[in-house]
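Q: After the sequence you'll find the predicted model.
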Amino acid sequence: MIYLDHAATTPPTREALEAAWPYLTQVTGNPASAHEVGRAAKAGLDLARETVAEVLGCRPGEVVFTSGGTEADNLAVTGISTATPRGRHVVTTAVEHPAVLETALALRQRGFRVDVVGVDATGTVDLDALAALVTDRTTLVSVMTANNEVGTLQPLAEVSALCRAHGVPLHTDAVQAAGHLSLDVDALGVDAVSVSGHKLGGLRGAGFLHVRGAVALDPLLHGGGQERGRRSGTVDVASAVATAVALRRADEARVHEAPRLRALRDDLVAGVLARVPSAVLTGHPVRRLPGHASFCFAGVGGETVLAELERFGVVCSSGSACAADSDDASAVLLAMGIDADLARTAVRFTLGATTTADDVAEVLRVLPAAVGAATVG
């Protein structure tokens, strides 16, 4: 099987599994307990927090471990918005992951004004429209680092400069960018960053939120006051350790891995466009994630293409795994101005550590037949 759905999830790395194993089998105490077994668990949790902080260039106390990217996004958007004593005004974009967009829209029920900024045909946020909305009374701006469906990288430096000029906190969903791009929070110019462990080679059901120390944050979960009162509940030490190890490994590897994936991606994109006349590349042609190639194929049934590819031993997706059961056209592609019928033909190839040049060559060999079998009429 050729697995090209790394944006949905990546296989856990050996290093992450080995790091987690002692906390599943031997060091099984509650990290909040004062006895020796609890202190041993807390030591592992503290080391995981320090490891994440080193990669992000932040203080360990600014890292909150969560159950994944969705919770981290929810905690950032709701927690910062409700804790910030100004404005009751949130700005985000039309191509955010639902964990951000739906959370932001839900704040309208609490009396917040929520503005959703459009994007251009490449999926890049409209900076002029954003600038027209952000004021000194804005509570929070949330703009993702990289899009999960089309791979487009957002101009975070420009967004950050705009937010800084108005003193507005900036949150970014970096779930797809982690391991591929630097997550140094000062270089990014952000106040909060969401990351998911299983996109990096960690375990599913784990992640973290970085939130700058000066930024107020209301908890979503109330109880025993763990994570400095920002996320109550007994922390899953094994998963936190696996996430930290996977993050460090991916960050160290990206110096050589990002160029390798970029070269494979470019070969894949060029080959698809050359071999399949109906193929349309979606997302920005240059400013996109290293291992991300997404297309629409006019005149085909998108799900049929996926089924045909799987029959040939190639596993990929139509876009976000979170919307895999929906027959609706992608909201991201619609926001980019793509016709609904064409949007329903979307196919996303996302490459990772296990992807080879032979894998790309095999995809290019079988794709024309798969598209041909799925052609309507």
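A: Right, received. Where do you want to start? Since this is a predicted model, take the numbers as computed values, not measurements. Numbering: from 1, shown residues only.

Q: For residue 148, give its distance to residue 283.
A: Per Cβ to Cβ, to the nearest Å, residue 148 is found 11 Å from residue 283. In this view, the C-beta of every residue, glycine as well, is placed from N, C-alpha and C.

Q: can you check residue 172 too?
A: For residue 172, the distance to residue 283 - Cβ to Cβ - is 18 Å.

Q: ok now do residue 180, which residues does it touch?
A: Applying Cβ atoms under 8 Å, 6 or more residues apart in numbering to residue 180 gives the contacts 146, 250, 254, 258, 261, 289-291.

Q: Report the buried residues of the lowest-mean-pLDDT helix or strand in the chain.
A: Lowest mean confidence among the helices and strands of the chain (mean pLDDT, DSSP states H and E): helix 302-311, at a mean of 92. Neighbour-count burial for helix 302-311, counted by 16 or more other Cβ atoms under 10 Å, picks out 302, 304-306, 308-309.

Q: ok, now stretch 6-19?
A: 6-10, 12-13, 16-17, 19.

Q: Columns secondary structure and distance to residue 67 on top of these, output as JSON lines?
A: Compiled in JSON lines, those are given as follows (DSSP: H, G, I helix; E, B strand; the rest coil; distance: Cβ to Cβ, whole Å):
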{"residue": "6", "secondary structure": "coil", "distance to residue 67": "21"}
{"residue": "7", "secondary structure": "coil", "distance to residue 67": "19"}
{"residue": "8", "secondary structure": "coil", "distance to residue 67": "17"}
{"residue": "9", "secondary structure": "coil", "distance to residue 67": "15"}
{"residue": "10", "secondary structure": "coil", "distance to residue 67": "18"}
{"residue": "12", "secondary structure": "coil", "distance to residue 67": "16"}
{"residue": "13", "secondary structure": "coil", "distance to residue 67": "20"}
{"residue": "16", "secondary structure": "helix", "distance to residue 67": "17"}
{"residue": "17", "secondary structure": "helix", "distance to residue 67": "19"}
{"residue": "19", "secondary structure": "helix", "distance to residue 67": "19"}
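
Q: Tell me the one among the buried residues of helix 302-311 nearest to residue 34.
A: For the buried residues of helix 302-311, the minimum distance to residue 34 (Cβ to Cβ) is 52.6 Å, reached by residue 306.

Q: ok, for the closest one, nearest residue in space, not its chain neighbours?
A: residue 318 (6.1 Å; Cβ to Cβ, 6 or more residues apart in numbering).

Q: List the residues that contact the one you found.
A: Residue 318 is in contact with 302-303, 306, 324, 330, 346-348, counting by Cβ under 8 Å, 6+ apart.

Q: Could you let me know which of those ends up closest to residue 29?
A: Nearest to residue 29 out of the contacts of residue 318 is residue 324 (Cβ to Cβ; 38.2 Å).
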